[in-house]
Each structure stands twice: as C-alpha cells, then as structure tokens.
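S.K.: starting from these lines, generate the structure:
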Amino acid sequence: MGSRRRRGHGSGFWQSRVTILDSNITTMIAAWCLLGIRDRPCERVCVTLMIGLVSNVLTAVFMARIVFDYLYAQNGGRRSAFERAAP
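M.R.: Take a look at the predicted model:
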C-alpha cells in the first residue's frame, strides 16, 4: 500500500473514531442521567447499557484498527479485495 493510501486509511479511522466516540458518549450521558432515577430495574438497564457501550467502543475503535493493520501486514501491502472493487 502506498503512503497516500495508508494515510487515507489512517485519516478514515480517525474520522470514524470521532463519530463513534461522540455517539457513544452522548448515550453514556443519557444512561448516567437515567441511573439517578433510583429504580432497581432502571438501574440494571443503565448498567447493562453502559457495559455494552464500553465494549462497543473498544471493539469499534481499537479492534477494527488492529485487525485492519494485521490484514495489511499479511497482505504485504497489496490491494485487498474490497479496495479492488472500489471505483
């Protein structure tokens, strides 16, 4: 992969990271506010939601990049199948 393409992928990951974090932080704030209701079933739902959000962020932001970089290293810098299909 040329340096332009590698920078493009890095830029794409950075832009998606900002969007993913923004949406999940907003939902985390809403769950935190609902946690103040002090109703046992509502607290359980909020805690479950918060755990799901944290795991979602870890998977979407970090694991996707790790897998992508691993596949790039295995591919030896050649274009992948999804890049050949793009116009």
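S.K.: drop to CA atoms for contacts and neighbour counts, all remaining ones
M.R.: Noted.
S.K.: just the helices in the protein please.
M.R.: Along the chain, counting by DSSP state H, helices occupy 3-35, 40-57, 64-75, 81-85.
S.K.: same list (those helices) but as TSV, adding mean pLDDT and mean neighbour count.
M.R.: As requested, the helices of the chain are exported to TSV (pLDDT from 0 to 100; neighbours: other C-alpha atoms under 10 Å):
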stretch	mean pLDDT	mean neighbour count
helix 3-35	81	13
helix 40-57	92	15
helix 64-75	77	12
helix 81-85	58	8
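S.K.: tell me the spacing between V45 and G52.
M.R.: From V45 across to G52, the span is 10 Å (C-alpha to C-alpha, to the nearest Å).
S.K.: please apply the same query to G12.
M.R.: Between G12 and G52 the distance is 24 Å, computed by C-alpha to C-alpha.
S.K.: is it true that A31 touches T48?
M.R.: No: between A31 and T48 there is no contact under C-alpha atoms under 8 Å: 9.6 Å.
S.K.: name the nearest residue to the most centrally placed residue in the chain, ignoring sequence neighbours.
M.R.: Nearest residue to the geometric centre of the chain (C-alpha atoms, centre = their mean): A60, 2.3 Å. Using C-alpha to C-alpha, 6 or more residues apart in numbering and skipping the chain neighbours, the partner closest in space to A60 is I20 (7.7 Å).
S.K.: any idea how far A73 is from that neighbour?
M.R.: Taken as C-alpha to C-alpha, the span from I20 to A73 is 25 Å.
S.K.: do T27 as well
M.R.: From T27 across to A73, the span is 35 Å (C-alpha to C-alpha).
S.K.: residue contacts, R17?
M.R.: Neighbour list for R17: V61 [criterion: C-alpha atoms under 8 Å, 6 or more residues apart in numbering].
S.K.: can you give me the pLDDT of R79?
M.R.: With respect to pLDDT, R79 has a value of 63.
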